[in-house]
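Asker: I would like to see how this sequence folds:
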Amino acid sequence: MQLKSLATAKMTAKAAALFAVGALTLTACGGSSTPAASEGGVQLINAGKFTVCSDVPYEPFEFQKDGKTVGFDIDIATEIAKDLNAELNIVDSSFEAIETGTALTGCDASISSVSITDTRKQVMDFSNPYMDDDLTLVAKEGSGVENIDTAKGKKVGVQQATTGAKYAQEKGIEAQQFEDSGLLVQALEAGTIDAALGNQSVLGYAIKDNTQFTRVEDYATGEKLGIAIKKGNTAMLDKVNGTLKRLTDDGTLAKFQTTWFGETAK
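Answerer: Numbering: from 1, shown residues only. Predicted coordinates for the structure are as follows:
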C-alpha cells in the first residue's frame, strides 16, 4: 500500500538523519557535540541549547504549524528550556529510536508522548508523570467495529512501537502498523483501515470534529507519560522534575492540557 511505503521511507530517512549525521534538526543546531555545562551544572549536548528528540508529527503533542513545531509536549519543552536558560532545539526522531533510548545519544531528553514502562526504564530514566493517557478504539460509522472482539478480522491500524501496538497483539489482533500517528489517521480517513487503536489523547483529538468516526471502546491501561532522560543523568532529571512541579503547582500544566485537549483532558 502507498501509505505503508511512505511510512517505510519516512522511517529510513529519520534513521539515516539520526544515526549518520546526529539527527535532522528542525531549528538551527550549531554548537559542539561535546556536553557543555549549563545552569546548576546540568550538561547539555549542544552549548546553550536544550536539545529534545520528538517524533513529529504526533498531534496534538508535536506537529508542524505555520513553519513551527508546536503542541502540548513542545509547550512543556519550552518551559524546561526556559528554566535551563537555554534555547529549545527540536530534533525529529523516529519513535523506535526514542523508545529504545538510542535517540538520547544526540539529545538531552526525549519528549514525545512516551509512556513509562518497566522495559523502557531499563534503558532510560523517566521524569515524574506529566499526563495519564489510556487507550481507545476508534472506528468509522458502519464499519461493524463495536469493541475489541468485533475488531478481530477487520483492518485495524496502530502506530508501531507503542503500547497500542502491544495491546492489539495481546488481544489477538493482526494490526497494520504505521510509523507515526499522522499516517495512521490518514489511513483511517482514507478508509484503508476500518479502525485505529491508540492513545485517547491523540485519536480523540484527531476525530473530535469528524462525525464519521466514533470512539467505540476505551481501555484503562494505567498508562502515564513521562520525559525520557539518559540513564544516570540525575542533574537533568532533577531539573526536568523541578519544571514539571512548577507547571503543576502554578496551574500552567492544566492550562496547556485545556489548550490542546479541551474536554478530553484528564
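
Asker: all helices for the stretch 51-200 of the chain, in order.
Answerer: Assigned helices in the stretch 51-200 of the chain, in chain order: 72-83, 95-100, 118-121, 163-170, 181-190, 200-207 (criterion: DSSP state H, counting those that start in this stretch).

Asker: distance between stretch 184-203 and the chain's centre?
Answerer: Distance of stretch 184-203 from its chain centroid, counting by C-alpha atoms, centre = their mean, to the nearest Å, is 16 Å.

Asker: Tell me which of the helices of the stretch 51-200 of the chain lies nearest to R246.
Answerer: Among these, helix 72-83 comes nearest to R246, with 7.5 Å by C-beta to C-beta. For every residue, glycine as well, the C-beta is placed using N, CA and C.

Asker: With adjacent residues omitted, what lies nearest to S127?
Answerer: Spatial nearest neighbour of S127, chain neighbours left out: I227 (4.0 Å); criterion: C-beta to C-beta, 6 or more residues apart in numbering.

Asker: count of residues packed around that neighbour?
Answerer: Burial of I227, expressed as a neighbour count using other C-beta atoms under 10 Å, amounts to 28.

Asker: same check, this time on A235
Answerer: By other C-beta under 10 Å, 15 other residues sit near A235.

Asker: name the element the residue nearest to S127 belongs to?
Answerer: Counting by DSSP states H and E, the secondary-structure element that holds I227 is strand 224-230.

Asker: Packing partners of the helix or strand just after that strand?
Answerer: Of the helices and strands lying after strand 224-230 in sequence (DSSP H and E), the nearest is helix 234-249. Other elements packing on helix 234-249 under the criterion 3 or more C-beta pairs under 8 Å, 6 or more residues apart in numbering; DSSP states H and E are helix 72-83, strand 224-230, helix 252-261.

Asker: what is the mean pLDDT for helix 234-249?
Answerer: What helix 234-249 shows for mean pLDDT is 98.

Asker: and if you look at stretch 99-110?
Answerer: Looking at stretch 99-110 alone, the average pLDDT works out to 96.

Asker: Which positions in that stretch come out as buried?
Answerer: Along stretch 99-110, the positions that meet the burial threshold by neighbour count (16 or more other C-beta atoms under 10 Å) are 99, 101-104, 106-110.

Asker: Let me see the contact set for the residue nearest to E79 when sequence neighbours are not counted.
Answerer: Nearest-residue entry for E79: T243, 5.5 Å, with adjacent residues in sequence omitted and distances by C-beta to C-beta, 6+ apart. Residues touching T243, when contacts are defined by C-beta atoms under 8 Å, 6 or more residues apart in numbering, comprise 76, 79-80, 83.

Asker: and what of N233?
Answerer: The neighbourhood of N233, defined by C-beta under 8 Å, 6+ apart, consists of 43, 125.

Asker: number of nearby residues for I173?
Answerer: With other C-beta under 10 Å as criterion, I173 counts 20.

Asker: Can you name the residues that contact it?
Answerer: When the contact criterion is C-beta under 8 Å, 6+ apart, the partners of I173 are 148, 151-152, 156, 197.
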